[in-house]
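Enquirer: Sequence first, predicted model second:
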Amino acid sequence: MADSRFFAVSGPFTLAQLAEISGAEIGGDGDPDMKFSDVSALETAAKTDVSFLDNKRYVDAFAQSGAGVCLVHPSLAEKAPKGMALLLSKDPYRAYAKVAQAFYPNAENLGDVSSHAVVDPTAQLGDGCVIEPGAVVGAGVSIGARCRIGANAVIGTGVEIGDDCVIGPCASLTHSVVGKRVIIHAGVRAGQDGFGFALGPQGHEKVPQLGRVIIGDDVEIGANTTIDRGAGPDTVIGAGTKIDNLVQIAHNVELGRGCIVVSQVGISGSTKVGDFAMMGGQAGLTGHLKIGTGAKIAAQSGVMRDVEPGATVAGSPALPAREHWRQIATLAGLSKKKGRGTE
Amino acid sequence: MADSRFFAVSGPFTLAQLAEISGAEIGGDGDPDMKFSDVSALETAAKTDVSFLDNKRYVDAFAQSGAGVCLVHPSLAEKAPKGMALLLSKDPYRAYAKVAQAFYPNAENLGDVSSHAVVDPTAQLGDGCVIEPGAVVGAGVSIGARCRIGANAVIGTGVEIGDDCVIGPCASLTHSVVGKRVIIHAGVRAGQDGFGFALGPQGHEKVPQLGRVIIGDDVEIGANTTIDRGAGPDTVIGAGTKIDNLVQIAHNVELGRGCIVVSQVGISGSTKVGDFAMMGGQAGLTGHLKIGTGAKIAAQSGVMRDVEPGATVAGSPALPAREHWRQIATLAGLSKKKGRGTE
Amino acid sequence: MADSRFFAVSGPFTLAQLAEISGAEIGGDGDPDMKFSDVSALETAAKTDVSFLDNKRYVDAFAQSGAGVCLVHPSLAEKAPKGMALLLSKDPYRAYAKVAQAFYPNAENLGDVSSHAVVDPTAQLGDGCVIEPGAVVGAGVSIGARCRIGANAVIGTGVEIGDDCVIGPCASLTHSVVGKRVIIHAGVRAGQDGFGFALGPQGHEKVPQLGRVIIGDDVEIGANTTIDRGAGPDTVIGAGTKIDNLVQIAHNVELGRGCIVVSQVGISGSTKVGDFAMMGGQAGLTGHLKIGTGAKIAAQSGVMRDVEPGATVAGSPALPAREHWRQIATLAGLSKKKGRGTE
C-alpha cells in the first residue's frame, strides 16, 4: 500500500475490469466479479491485491505469493499457488503498468492557476491547466489543455507546449516547442544556448545559437537533464523517447522515436540517433555521428564512430560488443599468465 | 581570514577551550589562557590563528608556520617551530573540523518565514524555522524545529522533514521522508518518479512509481544530485551517508550508513550498498547488485557484479583492484615490447 | 531564418558593413553596397543571406550554395559558385560569429526590476539591470550595470557581480565574486560548501568551507554545472574560460585563463589547471594535480597524475595519448590473433 500522504488509490476494480484494462485473459481460479483494491509486490501482496510475475528469477516468490490475482505469462501459469486468480498476458509487465496506472492515475488537474504564479498577460493557457506557486510563464507562451506547470518552473518567452504535459518544479524551458503528453522532470534545462565558440588564443568568440529544441509527443525527460538548443538547425527529441536524469544533449543532436537514454549519458553536438536506439548509463558519444536504428550502446561506452543499425557496441573507444568482450578476455588471460610467471 | 561578506567569525577562544572543543591535549609551548581568533592554513596563519597538520607532505610548511597553535599528531610534534603552541590529537583533521565549526558556526536560524514564501496553511513548521523568499511549501508538509528552507526551494505535498535540516536554494523534494540534521544542497531533485517503463516497439509504457525516498539522520546530499523515489519499495539513504554533487541514485537503491559517494557517480535501480562503502568519482553501478559493507569502488569504475564486504574494485568492467592494476601493467608491458619491435 | 517567437533579427547590413564587423575582405563578385538580411547554413541560404565555410568537408555544399555572400578562407575562394560575393577571412568561423552577433544581438536590457522579484533593500543594482520575476537578491549583494538576473534565480548574501553579466533562470550563486561579461546558465550551482569531511567510523565530521568562488571576466558556465566554494583558499575560474553543462568543479580548484571544459567533466579538489587547457567530455581529474598550460585531456580520460604543459593525454588511467592509442592497437592485435586461433 503506497503512502497515502503521497498517493491516492482509485478502485476497487473487478477482475473483469482489470482484464479489460490490461488486455489480459482471466485464468486460474478467477471469478470475473472478484474485487481488488491495490497493487503490490509478490512478497507483500494480500488477497485483495494484484501482483505480477515478469522475471523467471521470481517464480518461487510467485508460487508462494498471497496475492489474490497475478499477471503472468501463460507458460508460467502452472506454477501458481492454489486459489490464486490469474490474468494471462504475453507481456505481463506492460499489463501491470496499465493496471497500476488505473489504481494510481495522475493527480487530477484542477484548472487552478496559483495567485503566486507569474503569468504574462499575453500567454495563452488551455482549459484545465494547473500553474503552481512561483511558476513564471513568459510573454507569448502557448500552453495546451490540462497541463501542469510545477512550482518555481520557468517557461520562457514564446515557448509552445501541447496538451496534457507535466513540467516539474524548478525546471526551465526556453526556445522550445513541446508536443503532447510530455513529462519534463524537476530541474530540467532545455533551450539554453549551447557550447558554441570560435576557439583561439585571442579568446573564445561566442557563436549565436539560433535554433530551437523540438520535443515530440510522449517524450519523458529526467531530472536535471540538459538539452541545448540548436545552433542554426534545431535540437530534436523524437516522439516516445525516454531520457533519464542528468543526461547532456548538445546542440543540433537529433534523437529518433522511442529511444532510451539512461542516466548521465552525454551526446555531443550534431550527432543523429536512429529510432529505438538504446544508450546505457554514462555512455558518451562524440559529435557528428550517425547511430543506426535499434543500435545498442553499452553503459560507459565512448562512441567515436558511426554505429550500424541494430549493432551493439561497448568499451571506450567503443567496438562491436563481441570484439570488446573478446579483448577483455584476452587481456585477462595474458595478465594471469604473466602473473603466474612472476609470482 | 574568511571574507566577512560571507562568513561571520565567532570567538576568540582560549587554548584551554580549543583543547576541550577538539578533544586534543595541550603540548609544546602552550599556555591554556592564550587567546586565538581564527583558523588559517599553515602558510598564511599568524600568531592569533589556529592551524593544523594532517598530511606528512606538509611537514615543511608546519616547521616554518607562523601559526600560534597547531593541531598535530603527537608523532610529528618534534617538527614544530619554536614558540608554537600545540594541540596534540590522533585525528588532527577531525579536531580541526571541530575547531573550525566553533569559529564558524552555522548561520543562526532566526525563525523568520519570509512574506515572499508560499506556505500552505495545512503545513506544519517547527519552532525557529527560516523559510526564505520564493520557497514553496505544499499541503500537509511537516517540518521540524530550526530548519532552513532555501530561496525558491520546493517542498512537495506531504513531505516530512526532521529537526535542524537545511534545504538549499532551488532544491525540490517530493514523496520523501527526511531525518534530522540533513543537509540538502542547492538544486537537488529528490522524490520524482524514476525511469520505469515496460519497453516495447509499440511504445514504452510508464510504470507508476509508488514508493518514497527515505533519508536518514545526518545525511548530506550535494548540489544538483538526483534521487528517484522507489517503484514500490522505497529508495533509502542510510544515516550519516555523504553524497557529493551531480550523483544519480535510481529507484529502489538502498545505501547503508556512513557511505561516501563522490561526484558524478551513478547507481542503477535496486542496487543495495552496505554501510561505510565508498564510491569514487564517476563510478557507475548497474542495477540489482549487492555491494558489501566497507567496499571501495575506484573512480570511473563500471561495476557489473556484486562486490564482497571490504573488497576494493577498479576498472570498467570492474575487477578486484589488484587484478585491474596487473592488467594495466601487462598491457603497458606488451605495448612497449611491440613498440620497440616496430619503430 | 530563426524562429521569430524566440529571436529578433537586426539589420539589414551592407557588404561593406559586414566586412568591417567581421574583419574580412570583400572578394568574389562583391559589391560593397549589397544588402544582407540574415545568416543561414550553406544548404538553406538565399540570395539575401550570409553563410560561411569553415570545414573542407563542406566544400561541395559551398560550391552549390545559394547564399548571397559567404565567409571563406582565401585558399578556398576559387570553389565559390558564380555570382556569390565573398568575405575572405583567415578565421571564417570567428568572422561568422561576429556577423551572427550583429544580426542577433543579445536582448536589450530594459532596466526593468520585476515587481515579482525579491530584492533586499541593502542590495545595490547598477544602471540598466533586468531582474526577472521570482528572482531573489540577498542582503549586501552588489550587481554591476546592464546585468540580467533570470527568473527564479537566487543571488545569496554578499555576492558581487560585475557589469554586463547574465545569470540564467533557476541558477543559484552564493559566496561568490563574479567578473564582467560573465554568462551563468540556467540551474548552475556556485558557492555551496563542498564535499569536505574528516572521515571515520564514528561518523564523517563536516569541515567548514571558508573560501569563495572567484569567477573571472568573460567566463561562461553551462547549465546545471556545480562549482563548490573553496575550503579555505578560493575556487577560481580564470578569465575567458568556457565551461559546458553538468560539469563538477570541487573546492579549491583553480582553472587558468581561456580553458575549455566540455560537458560532464569532473575536477576533484585542489587541482590546478593552466591557461588554455582543454578537457574533453566526461573526463575526470583526481585531486591535487597540476595540469600544464595548453594541455589537452581526451574525453572520458581518468587523470591521476600531473600533466605537462602542451601534453595530450587519453585513457583511464590517462597516459600520453600516443602511448594510449598504441596500447589500444596492441590489445586489438593480440585479441584478433587469439580469436583466429580459437574460432
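Expert: Yep, it's here.

Enquirer: what residues does the stretch 1-150 of chain A put near chain C?
Expert: Applying C-beta under 8 Å from any C-beta of the partner chain, we find that the stretch 1-150 of chain A lies next to chain C at A:118, A:134, A:136, A:138, A:140. For the C-beta atoms, the positions are set from N, CA and C on the backbone; glycine is no exception.

Enquirer: what's the burial count for the residue lying closest to the third one once chain neighbours are set aside?
Expert: So that's residue A:136. With sequence-adjacent residues excluded and distances taken as C-beta to C-beta, 6 or more residues apart in numbering or on different chains, residue A:136 is closest to residue C:151, at 4.2 Å. Other residues within reach of residue C:151 by the criterion other C-beta atoms under 10 Å in any protein chain shown amount to 30.

Enquirer: State the helix or strand in which residue A:96 lies.
Expert: Secondary structure assigned from DSSP states H and E places residue A:96 in helix A:92-103.

Enquirer: Pull up the pairing partners for the next helix or strand after that helix, direction included.
Expert: Beyond helix A:92-103 in the direction of the C-terminus, DSSP H and E gives the next helix or strand as strand A:118-119. For strand A:118-119, the paired strands and their directions (DSSP bridges) read strand A:136-137 (parallel).

Enquirer: Other residues contacting the strand it pairs with?
Expert: Residues from elsewhere that reach strand A:136-137, judged by C-beta atoms under 8 Å, 6 or more residues apart in numbering or on different chains: A:117-120, A:123, A:125, A:131, A:143, A:149, A:153-155, C:116, C:132-134, C:151-152, C:169.

Enquirer: Quick one: distance of stretch A:159-177 to the chain centre.
Expert: Its chain's C-alpha centre lies 16 Å from the corresponding centre of stretch A:159-177 when counted by C-alpha atoms, centre = their mean, to the nearest Å.

Enquirer: measure residue A:323 to residue C:177 for me?
Expert: Spatial separation of residue A:323 from residue C:177 under the definition C-beta to C-beta, to the nearest Å is 51 Å.

Enquirer: Those two: who's more crowded?
Expert: Regarding residue A:323 and residue C:177, a neighbour count based on other C-beta under 10 Å identifies residue C:177 as having more, with 21 against 17.

Enquirer: Quick one: check stretch A:321-331 for contact with chain B.
Expert: Yes - Stretch A:321-331 reaches chain B (C-beta under 8 Å from any C-beta) through A:328, A:331.

Enquirer: hmm, back to that, quick check: the farthest pair among the residues of the stretch 1-150 of chain A next to chain C?
Expert: For the residues of the stretch 1-150 of chain A next to chain C, with distances taken as C-beta to C-beta, the pair at the greatest spread is A:134 and A:140 (20.6 Å).

Enquirer: Who has more neighbours out of the two?
Expert: Set side by side, residue A:134 and residue A:140 give different neighbour counts by other C-beta under 10 Å, the larger being at residue A:134 (30 against 15).

Enquirer: Spit out the contact partners of the closest residue in space to that one that isn't next to it in sequence.
Expert: If the residues on either side of it in the chain are set aside, residue A:134 comes closest to residue A:152, at 4.0 Å by C-beta to C-beta, 6+ apart. The neighbourhood of residue A:152, defined by C-beta under 8 Å, 6+ apart, consists of A:132-135, A:169-170, B:134, B:136, B:152-154, B:170, B:172, C:134, C:152, C:170.

Enquirer: got it, and residue A:179?
Expert: Counting by C-beta under 8 Å, 6+ apart, residue A:179 touches A:162, A:215, A:216, A:217, A:218, A:219, A:239.

Enquirer: List just the nearest of the residues you listed to chain B.
Expert: residue A:218 (6.9 Å; C-beta to the nearest C-beta).

Enquirer: Tell me the secondary structure at the closest one.
Expert: Here residue A:218 is coil, with the state taken from DSSP: H, G, I helix; E, B strand; the rest coil.

Enquirer: What confidence value was assigned to it?
Expert: If you check residue A:218, the pLDDT there is 98.

Enquirer: Spit out the contact partners of it.
Expert: Residues counted as contacts of residue A:218 (C-beta under 8 Å, 6+ apart) are A:179, A:180, A:181, A:182, A:239, A:240, B:203.

Enquirer: if we go to 10 Å?
Expert: Applying C-beta atoms under 10 Å, 6 or more residues apart in numbering or on different chains, one finds that residue A:218 lies in contact with A:164, A:179-183, A:238-242, A:257-258, B:203-204, B:206.

Enquirer: quick one: residue A:225 and residue A:246 touch, right?
Expert: Yes - with the criterion set as C-beta atoms under 10 Å, residue A:225 and residue A:246 qualify as a contacting pair; they are 6.2 Å apart.

Enquirer: what residues are shared contacts of those two?
Expert: A shared contact of residue A:225 and residue A:246, defined by C-beta under 10 Å, 6+ apart, is any residue touching both; here these are A:187, A:263, A:264, A:265, B:226, C:224, C:245, C:246.

Enquirer: what's the burial count for residue A:309?
Expert: Number of residues near residue A:309 (other C-beta under 10 Å) recorded here: 14.

Enquirer: actually residue A:46, not the one I wrote
Expert: Neighbour count of residue A:46, defined by other C-beta under 10 Å: 14.
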